[in-house]
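Chemist: following is a predicted model, sequence given first.
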Amino acid sequence: MDKEKLIDWGFRFIAAAILIQMLFYKLGAHPDSILLFSRLGLEPVGRVGVGIVELIVTILLLVPETLKYGIVLGLGIMVGAVGSHLFVLGIEFNNDGGRLFFLALVTTVSLLVLAYRHRSNLKSLLPGTAAS
């Protein structure tokens with residue numbers, strides 16, 4: 001595997017690993033996850049729904065043919081996560097020292113790097129462009 005593919009897979013793995021880790025908290029109904037989504041007014045439907053979407057994003061990121069969909073859907077989820085921390089929950093949530101916010105930022109940055117690296121493939125998702 002060449003260096004560029006290895007770098008690419010590294011960012012895909014970082015994002016997928018964080019999403020999978022958080023998935024267990026959401027779908028396992030961890031008390032911290034229930035508290036977080038309760039504060040957002042989205043418990044339990046939002047917690048379970050976001051968990052399912054994160055599972056789908058993880059799969060899309062790890063399948064080369066669906067990477068572009070995983071990037072876009074993942075960025076949508078992460079904008080919600082980062083926005084929730086900035087505007088509702090705060091950087092530090094439930095005495096976590098900012099851990100959840102930091103993981104959301106790392107995931108977002110990984111997805112943004114992937115979006116930049118695959119920008120030509122992402123253009124095919126825009127209306128009026130040829131499919132690739």
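Modeler: Yep, that arrived.

Chemist: so where's the longest helix in the chain?
Modeler: In terms of residue count, the longest helix belonging to the chain (DSSP state H) is helix 3-27.

Chemist: and it, what's buried?
Modeler: Within helix 3-27, the residues that qualify as buried by neighbour count (16 or more other C-beta atoms under 10 Å) are 8, 11-12, 14-16, 18-19, 22-23, 25-27. Heads up, the C-betas are built off the backbone N, CA and C, glycines and all.

Chemist: pull the distance from it to the chain's centre.
Modeler: In terms of C-alpha atoms, centre = their mean, to the nearest Å, the gap separating the centre of helix 3-27 from the centre of its chain is 9 Å.

Chemist: repeat that for stretch 52-59.
Modeler: 8 Å.

Chemist: report the buried residues of it.
Modeler: Residues of stretch 52-59 classed as buried by neighbour count (16+ other C-beta under 10 Å): 53, 54, 56, 57, 58.
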